[in-house]
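[1] structure, please.
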Amino acid sequence: MSQSTIIELRQLNSDNVDRNGVYSTTLDPNSAVLLEEGDQVNIKAIYLDTAESSAGFIHLDEDLECELEMGLYIQNYNKDQLFVKSNGSSENLRQYPNAGRTLNERGDNDIWWLAEHSNNGTATNWDINSMTLQTIPGKPKTTKDITINFEYTPITAGAKPVIRGKTIRHTSKDQIALDNPFALGFVCTGTATAPAIKRITTDAELKAAGFSVVSLNYTAKPTGEEHFELQTFPINFTIPAGDYTPAEISKTITDKIANIEQNGNVDDFYGSTSATNPPTKTLWTANSPFLTSILENITVLNAKDPSLGQAFVNASTENGATAGQLYMTYNIAAMVAEYNGGDGGSPVSGYLPPVDRYVGANEVALAFDGAENKLKWETIHFPIYVNGTSDTANDAVPGVIYNNAITQPGVYQVNTGLATKYAGVAFTKMEPQNFWAKQLGFSNIIITPQTNASLKYPNAAAPLPATPNSFTIECKDGVNMTGAFPGLDIGVQHNNLNYSQPVFHNLNGDDLDSTISTQDSTSIFSTRVWNSSLASEGYFLVEVSPNFNQNMVGASGVKSKNTMSIVNRYYTQNSFTSDQGAGSISYTHTGESQLLSDLSVAVRNPDRSFVNTNILQDKNTIFVEIIKRVGEDVSNPKKQ
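    Numbers count the residues shown, from 1 in each chain. All right, here's what the predicted structure looks like:
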């Protein structure tokens, strides 16, 4: 006779998870088992969470409430600096208060982010400069990837609470100590004694990543300074519960967000009858968080708080140290003055709306790439439209334009002469994170503005602020943004006359030779791979490593000191991969008695590599059976 004890090793109950399928379990002292001569250890049953990946499904147990938030930007190239007035003359549309520039110097070809700004008139606002992290001592010696999120209210007038985070990548605990403190660059409201900011990442989430304490480092912000904040636009929608293929989930999300009337009805009529009166408008040509216009946005800001101003801040770090130190505005008065209500008088007869400009993305699409087996944000930008047959025909196509970007020493350095988009968006929040980052694989797409630059206001003669009042953003095509793909073929004219020679000879003018049409875009691919469950070999190796040794020799001569089981890698739709111990390699204990209290699990491919986390999810459970000889007391090892 024998007595059997079953030990459950469940990944979701483990406090020490390295990756899906690789985790450790520490038994309660009262549950530890003393292994004595002749006791057997084998793997009783295995349940591996391959259901979602094997079927190629995204499974939602219940309706999923999603929230996206994005910042909007323009690419500031030369050809878009002027607008044609109703009398046929041209006028500068964009204004650069920080630096006087010639017409050619204005088109720096960089990304400028839509921002709101107002005066800091209170002594209860705070700069959250950085955070200091403490790790949990002992094993493991490394931390895991985690985004530590905070909620606070920005200090611009009428601001609503936002969630911003700092991502800490997997590294050693010793390195964390060396890297402290980690820069944040948040600016928030508060009281006279402390900022009103709270951490929304839970203690349990911190502990799972290897951290114990997060402390903030902050200073009071001086009054009377103009503060610039990235303007963000939220959108909320619901994905119904169910199973979705990657193609189905991408179409569902695209249909939910790519709607010109997301926030209400739209039209294109301004309700004033005379150019001497400012035109009014309650409905706009686009009511979407992804797409607005200069006049629409300034109207929205003024309705929120009359003290708010609209500006574009160069917050990209791509082109050097001046990031976040310059801003530009649009000549709102000149734009409004072009309105003609249709009274038939001078300068033109018939109705003409004010001059306006779009900001954001007019093409928004999440797609499934069957060749790469990945989801991708195919486009979240506003293309430059080129090669139309005339100025009035509606037949232009997406493309790029060669921008004669001129460097102005001491002000701005331009790296490229190719404009790949007119405008676009980048995501500042994607909730719930478990869905977007884990299930869909968009873990590195979020941008986080950091208030770490000093910008002179209202012009270049103004003194520098005492503390940073502007922001920078780390952003790149293919990672956080999309745009036309700048491949080698872009510079080639596809006609039988000029294909063999470059013909870009008039970069300053309207010559169509300076534009090229292209449908290719630099998409943002997810990190998760679907349909990768077809294995080159037909099994998994499951290792359970307790605090005792054994030897298992494979056909290749590879030795292991762990209890092992071989699991048939058979995939069926919506099923876990399971084994009832048929492939278990039993262990019989010999020698000195040992207390079994800690067990580590590792699920491996046949070549001993770890299983891709896109194939193996987190609902993994291994049952280990301990078979003791008759007469042994397995419930209390201290008696032994």
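[2] so what touches stretch 88-107?
    The contact list for stretch 88-107 (C-beta atoms under 8 Å, 6 or more residues apart in numbering) reads 76-85, 325-331, 334-335, 355, 357, 403-406, 408, 411-412, 455-460, 508. For the C-beta atoms, the positions are set from N, CA and C on the backbone; glycine is no exception.
[3] sort out for me which of these are in strands.
    82-84, 327-330 (DSSP state E).
[4] output those residues as a markdown table; include the columns neighbour count.
    Formatted as a markdown table, the ones in strands among the contacts of stretch 88-107 follow (neighbours: other C-beta atoms under 10 Å):
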| residue | neighbour count |
| --- | --- |
| Leu82 | 15 |
| Phe83 | 18 |
| Val84 | 13 |
| Tyr327 | 26 |
| Met328 | 20 |
| Thr329 | 16 |
| Tyr330 | 23 |
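[5] show me the two of those residues that sit farthest apart.
    By the measure C-beta to C-beta, Val84 and Tyr327 form the most distant pair in the ones in strands among the contacts of stretch 88-107, at 25.2 Å.
[6] output stretch 612-623 as PDB, nothing but the C-alphas.
    What follows is stretch 612-623 as a C-alpha-only set of coordinates in PDB (Å, rounded to 0.1, in the frame of the first residue of the first chain):
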ATOM      1  CA  ASN A 612       6.900  31.900 -26.900                       C
ATOM      2  CA  THR A 613       4.600  33.900 -24.700                       C
ATOM      3  CA  ASN A 614       2.300  34.500 -27.700                       C
ATOM      4  CA  ILE A 615       1.700  30.700 -27.700                       C
ATOM      5  CA  LEU A 616       1.500  30.100 -24.000                       C
ATOM      6  CA  GLN A 617      -0.700  32.300 -21.800                       C
ATOM      7  CA  ASP A 618      -0.900  32.500 -18.000                       C
ATOM      8  CA  LYS A 619      -3.500  30.000 -16.900                       C
ATOM      9  CA  ASN A 620      -1.100  27.100 -16.500                       C
ATOM     10  CA  THR A 621      -1.300  24.500 -13.800                       C
ATOM     11  CA  ILE A 622       0.900  21.400 -13.000                       C
ATOM     12  CA  PHE A 623      -0.200  18.800 -10.500                       C
END
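[7] mind listing what's buried in it?
    612-617, 619-623 (16 or more other C-beta atoms under 10 Å).
[8] least confident of those residues?
    Lowest pLDDT of the buried residues of stretch 612-623: Asn614, 64.
[9] tell me which two in the buried residues of stretch 612-623 are the farthest apart.
    Asn614 and Phe623 (25.5 Å).
[10] model confidence for Ala177, exactly?
    90.
[11] is it fair to say it lies in a strand?
    No. Applying DSSP: H, G, I helix; E, B strand; the rest coil, one finds Ala177 to be helix, outside a strand.
[12] tell me what the closest residue to it other than its chain neighbours is bridged to.
    Closest residue to Ala177 apart from its sequence neighbours, by C-beta to C-beta, 6 or more residues apart in numbering: Thr135 at 7.4 Å. For Thr135, the beta-bridge partners are Phe211 (DSSP bridges).
[13] next up, the contacts around Thr135.
    Counted by C-beta under 8 Å, 6+ apart, Thr135 has contacts 143, 173, 176-177, 210-212.
[14] if we go to 6 Å?
    Contact analysis of Thr135 by C-beta atoms under 6 Å, 6 or more residues apart in numbering lists 173, 176, 210-211.
[15] Ala220 too?
    So Ala220 contacts Trp126 (C-beta under 6 Å, 6+ apart).
[16] Ile136 versus that one, what's the distance?
    As judged by C-beta to C-beta, to the nearest Å, Ala220 and Ile136 stand 33 Å apart.
[17] could you pull out the strands in the stretch 301-450 of the chain for me?
    Here the stretch 301-450 of the chain has its strands, by DSSP state E, counting those that start in this stretch, at 309-313, 327-330, 340-341, 351-352, 358-360, 363-369, 374-382, 384-386, 397-402, 418-419, 423-431, 450-453.
[18] host element of Phe233?
    According to DSSP states H and E, Phe233 maps onto strand 232-239.
[19] C-terminal to that strand, what's the next element?
    strand 242-244.
[20] now do the buried residues in that next one.
    242, 244.
[21] what does it rub up against?
    57-59.
[22] ok, that strand: who's next to it in the sheet?
    strand 58-60 (antiparallel).
[23] and the partner strand, how far out from the chain middle?
    20 Å (C-alpha atoms, centre = their mean, to the nearest Å).
[24] any buried residues in that strand, and which?
    Neighbour count says strand 58-60 has 58, 60 buried, by 16+ other C-beta under 10 Å.
[25] pLDDT weak spots in the stretch 101-250 of the chain?
    103-104 (pLDDT under 70).
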